[in-house]
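sequence and predicted structure below; questions after.
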Amino acid sequence: MMQKWAFGAAAGLVVLTGLTVGYWLLGRDASPEAVAAIQHCSAAPANDRIWVPAGRYQIGATPRYREEAGPQEVETAGFWIDRHEVTNAQFARFVAATGYVTVAEQTPDPADYPEIDPAALVAGSAVFGVSAGEGYWWRFVPGASWRAPQGPGSSIAGRDDYPVVHIAYADAQAYAAWAGGELPNETEWEIAARAGHVGTEFEWGDEFRPDGQWRANSWQGPFPVIDTGDDGFVGLAPIGCFEPNDLGLVDMTGNVWEWTSSPFSADPETGTIRGGSYLCAPNYCARFRPAARQAQERDFSASHIGFRTISRDPAL
């Protein structure tokens, strides 16, 4: 089931289409606003987790999409959760220690995809961008991976404190186990994101920009043509560039989608990602709200999917 649409026109399976424009959204030089914003970002220790106490919590809100649940009370044991999304530096240490190879770096087995031309089955991942004449929001880019987020020729040099991307579910699970933890389920993720805010539209309240302040890395401008970077960033941002929530967690809204351990439905191959990404905007995709959820094939990876981990060991 590996992201079949992503093998491109050769397989005739591209299904995500958009505007045809002559503008690349990735690979642009950082704006002066972004440079200034990065100077205020807070790097964190490699193992920086925050405790969420056991108790009863209210999650959910008035649904905006049919897959969302309304307000409900839930109960949880206490758990530790990463203050920030797992970074390139953290993931690199994991790979160096274990020799792990991500799903995006593996060539698919033709036996698993008999309907696809074997020549089209190459290692790679989905990269967001719109280019003249193509008309696609996403492209499958051979060679794209966490090491080369935009494909061959790109790298993560100088981006140690950026969230790692091009992460499939198995990759996130493997890292979490190595780090002595696991992935949060949807309930745990939303409890942490809300940080005590009951029924609010966003993790910090009901206004997207309280007092005119940007609170998350999101999309500004006409999607998918131009992200103006008014919040200081075009594309990904390093961790900790925006005010933390009331638990001290950063980037629970926007920046990159985060894997949870919860299935989206009865289909075991479809997982759930939460939190939205830098591609979300109030006027386009409002799934960066804490009550929102998104289905995602578990063997899929892309330039806006990452994760964070939890531990249920109170003695950590």
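Nice, thanks for sending it over.

show the contacting residues for the most centrally placed residue in the chain.
With distances taken as CA atoms, centre = their mean, residue 257 lies nearest the centre of the chain, 2.1 Å away. The contact partners of residue 257, taken as CB atoms under 8 Å, 6 or more residues apart in numbering, are 273, 274, 275, 276, 277, 294, 296, 304, 305, 306. Glycine gets a C-beta too; all of them are placed from N, C-alpha and C.

hang on, isn't the fourth one packed against residue 219?
No - under the criterion of CB atoms under 8 Å, residue 276 makes no contact with residue 219, lying 9.6 Å away.

is the residue nearest to the centre of the chain in a bridge, and if so with what?
residue 305 (DSSP bridges).

how near is it to residue 129?
Counting by CB to CB, to the nearest Å, the gap from residue 257 to residue 129 is 17 Å.

show me the contact partners of stretch 206-224.
Contacts of stretch 206-224 (CB under 8 Å, 6+ apart): 18-19, 25, 128, 130, 137, 200-202, 204, 227-233, 236-237, 241-243, 251, 253-255, 276, 278-282, 284-285, 288.

if you set the cut-off to 6 Å instead, what comes out?
18, 130, 137, 200, 204, 227-228, 230-231, 233, 237, 242, 253-255, 278-282, 284 (CB atoms under 6 Å, 6 or more residues apart in numbering).

buried ones among those residues?
Buried members of the contacts of stretch 206-224, scored by 16 or more other CB atoms under 10 Å, are 130, 137, 200, 204, 227, 231, 233, 237, 242, 253-255, 278-281.

what about the residue lying closest to residue 64 once chain neighbours are set aside, neighbour count?
Among residues not flanking residue 64 along the chain, residue 286 sits closest, at 6.1 Å (CB to CB, 6 or more residues apart in numbering). When neighbours are counted by other CB atoms under 10 Å, residue 286 registers 18.

equivalent analysis for residue 64, please.
Applying the criterion other CB under 10 Å, we find 13 residues in the vicinity of residue 64.

can you pull the phi/psi pair for it?
phi -110, psi -20 (degrees, to the nearest 10).

can you tell me how far it sits from residue 98?
Residue 64 is 40 Å from residue 98, by CB to CB.
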